[in-house]
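Visitor: quick one: sequence and predicted model below, then my questions.
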Amino acid sequence: MLYPIENKVREVKNLCGIWNFKVDVENVGIQEKWFEKPLTDTVPMAVPASYNDLFTDEKIKEHVGYVWYETDFIIPDSWEEKRIVLRFGSATHHAYVYVDGKQVVYHKGGFLPFEADITELMEKSNLENHRLTVALSNVLDWTCIPCGEVISKEGDGYPEGFHFQETYFDFYNYSGIHRPVKLYTTSKKYIEDIVIKTEVEGLQSNYSGEEMLTVEDYKALDCKELPTAESAVVKIKIQSTDTLKALMVLDEEGAVVAMETRFKVSGQDYYAEIKLDNPTLWNPGAAYLYQLRVEGEQDVYSETFGIRTIETNEKQFLINGRPFYFKGFGRHEDSDIHGKGMDEALNIRDFNLLKWIGANSFRTSHYPYSEEHMMLADREGFVVIDEVPAVGMCFWDGQSVFGGNRVNDETLKHHLDALREMYERDKNHPSVVMWSVANEAATHEEGAVPYFEKVIETMRELDDSRPITMVHTTGADGDKVSQWLDVICVNRYYAWYTDHSHIEVIGLQLEKEMRRWNEKYQKPVILSEYGADTIAGYHKLPAVAFTEEFQCDYLDEFHKVFDQLDFMIGEHVWAYCDFQTKQGLNRVDGNKKGVFTRNRQPKMAAFRLKERWK
């Protein structure tokens, strides 16, 4: 799916702003066909934003079910004879979209884009103002990812109609239209999709491949000259109903460095290869972006891409032939007021803090982040592990997830659909170096084996150019699926959720388990989560749990082990900043494991990590 851009042929109208909003208290709006006429009794609502924290009424914040959005738009006369598309960056989690009372699209899944071609509807309409209505449900069950279920309780001790949304993940189920809504045009015959893959020849990485690397060795490698290549082949596949005339590759200065006018054509698929001599590679921390300009007889589109290689072996992850060590965080799209609503200013602040602290990577835990976020990662040279929203597939009370009436065929179908949507959106981002197909699933269960065999097989069919991982909470001895992965990612909270506050156990327990993972699968390992809840400004000597001093000491114990294991290829602290969760006995207004506060101010641990990483 191509991102909406403006050029001499295409136009984009941004529909973000203040919409009308209404909570469907009884969840009857679809049955009563509220979409057939303008909504009544509405209040103003910002788009994009989560609606939960914008009200003072707890019933709205914790509403389970449908809410309704409405706005108007006008189609300019200049769009006559154009193809017109309505596009949502994301809407959480089930969206029915209506234009002038007619349903134009339904989408399941809260973290990926969807769109509807409304050309025919607009051509047949004689209206000047068009009404856009969205019925949006935040209900999670076992047919979707993330997984959840609505719990209802009746009888003595509970009020009539008592129910709530149960989730099996540790972040708040923010709801709303979270990313931009846009109208865009193309010509009637148009460029539909572009796939770009690169192959590098004559790679020079300043790495012999012989030494066993420590963290200090990785730092020394970062100081050497950047990897270079003698040439690169850019392999291009374009799906288009328009007849293509030319492909041009432009460098960062906008100069045309290569052109191709010959194609192999199969139906609506066009294939071409373009060779670049002495290309500038996309390197971590030193991004270089080319533009592929596709020109047809009617349509034009430019896609950004980078040239880089990825390889793995039993102990290393190599980018452009040089071993790469992941330094960074698990994160969330989460902030005060906005919730999960996309905020360009917040994105800029986050990337500046990541650069300040010396991070070079992050995981999109536990869902794909906004396209605008991914574009910044491309531009700023950050390495990304892109994760599908498969979280909540594990119970902590021993109950089965992949058996009985929980994870089922519908869950798998939605999981595979989300993989395809994530790939289609993010396939050309050079920052994306690995796909994560799940977080903390019950991979010790027998039922998980056929499920994840299919999931990983599907991801491999979609993209054979990037490694695949999933993030584990199951131990190495119990895990049954990692034989199909390229990299092992593990979440561990020794001395926090087990042996609480006894940091003296971290070294022994962590080293033993990490060695077991590498011995069993002969693959490199990333500790993808580790951390301790910390109250900003809380200090004590000697250190105790929840103090800033304890967080620093806690992280130090993990780092001592990492520095001794040559198959460890990364450390992603949980978490980048504090974030909101559902209410619970172990959560006082959210998860406080952030190295930064929720409003992006550093705790002591941020300075400790800055010293280690830079």
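Guide: Sure, I can see it.
Visitor: give me the contact list for stretch 236-255.
Guide: 187, 189-196, 234, 256-261, 263, 268-274, 276, 280, 288-299, 302 (CB atoms under 8 Å, 6 or more residues apart in numbering). Bear in mind the C-beta positions are built from the backbone N, C-alpha and C, glycine included.
Visitor: wait, Ala532 sits on Ala545?
Guide: Yes: counting by CB atoms under 8 Å, Ala545 is a contact partner of Ala532 at 6.8 Å.
Visitor: identify the contacts common to the two.
Guide: In contact with both Ala532 and Ala545: Trp496, using CB under 8 Å, 6+ apart.
Visitor: neighbour-wise, which of the two wins?
Guide: Taking neighbours as other CB atoms under 10 Å, Ala532 and Ala545 compare with Ala532 leading, 24 against 18.
Visitor: for that one, list the residues it contacts.
Guide: Ala532 neighbours (CB under 8 Å, 6+ apart): Tyr493, Ala495, Trp496, Ala545, Phe546, Phe550, Gln551, Tyr554, Leu555, Lys593.
Visitor: closest one to Ile310 out of those residues, please.
Guide: When those are compared for distance to Ile310 (CB to CB), Leu555 comes out closest, at 28.1 Å.
Visitor: with adjacent residues omitted, what lies nearest to the closest one?
Guide: Leaving aside its sequence neighbours, Leu555 sits nearest to Ala605 (CB to CB, 6 or more residues apart in numbering; 6.0 Å).
Visitor: centre of the chain to the helix or strand hosting the one you found, how far?
Guide: Here Ala605, judged by DSSP states H and E, is contained in helix 604-613. Helix 604-613 sits 25 Å away from the centroid of its parent chain (CA atoms, centre = their mean, to the nearest Å).
Visitor: contacts for it next, please.
Guide: 327, 356-360, 534, 548-549, 551-552, 555-556, 559, 573, 595-596.
Visitor: what comes up buried for it?
Guide: Going by neighbour count (16 or more other CB atoms under 10 Å), the buried part of helix 604-613 is Met604, Ala605, Ala606, Arg608, Leu609, Arg612, Trp613.
Visitor: tell me where the protein is predicted with low confidence.
Guide: For the chain, residues meeting the criterion pLDDT under 70 lie at 210-212, 396-397.
Visitor: now the longest helix along the chain - C-alpha only, CSV.
Guide: Longest helix in the chain, counting residues (DSSP state H): helix 409-426. The C-alpha trace of helix 409-426 is given here as CSV (Å, rounded to 0.1, in the frame of the first residue of the first chain):
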residue,chain,number,x,y,z
ASP,A,409,-9.0,-20.4,13.3
GLU,A,410,-10.4,-16.8,13.2
THR,A,411,-7.5,-15.6,15.4
LEU,A,412,-5.0,-17.2,12.9
LYS,A,413,-6.8,-15.7,10.0
HIS,A,414,-6.6,-12.2,11.5
HIS,A,415,-3.0,-12.8,12.5
LEU,A,416,-2.1,-13.6,8.9
ASP,A,417,-4.1,-10.7,7.6
ALA,A,418,-2.2,-8.4,9.9
LEU,A,419,1.2,-9.8,8.8
ARG,A,420,0.2,-9.1,5.1
GLU,A,421,-0.9,-5.6,5.9
MET,A,422,2.3,-4.9,7.9
TYR,A,423,4.4,-6.2,5.1
GLU,A,424,2.5,-4.3,2.4
ARG,A,425,2.9,-1.0,4.4
ASP,A,426,6.5,-1.3,5.5
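Visitor: helices or strands up against that helix?
Guide: strand 432-439, helix 448-462 (3 or more CB pairs under 8 Å, 6 or more residues apart in numbering; DSSP states H and E).
Visitor: try it again with 7 Å
Guide: In terms of contacts (3 or more CB pairs under 7 Å, 6 or more residues apart in numbering; DSSP states H and E), helix 409-426 is packed against helix 448-462.
Visitor: buried ones in the helix it packs on?
Guide: Buried residues in helix 448-462, counting neighbours by 16+ other CB under 10 Å, are found at Ala448, Tyr451, Phe452, Val455, Ile456, Thr458, Met459, Leu462.
Visitor: now render those as CSV, adding distance to Val181.
Guide: What follows is the buried residues of helix 448-462, written out as CSV (distance: CB to CB, whole Å):
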residue, distance to Val181
Ala448, 37
Tyr451, 34
Phe452, 34
Val455, 30
Ile456, 34
Thr458, 29
Met459, 29
Leu462, 27
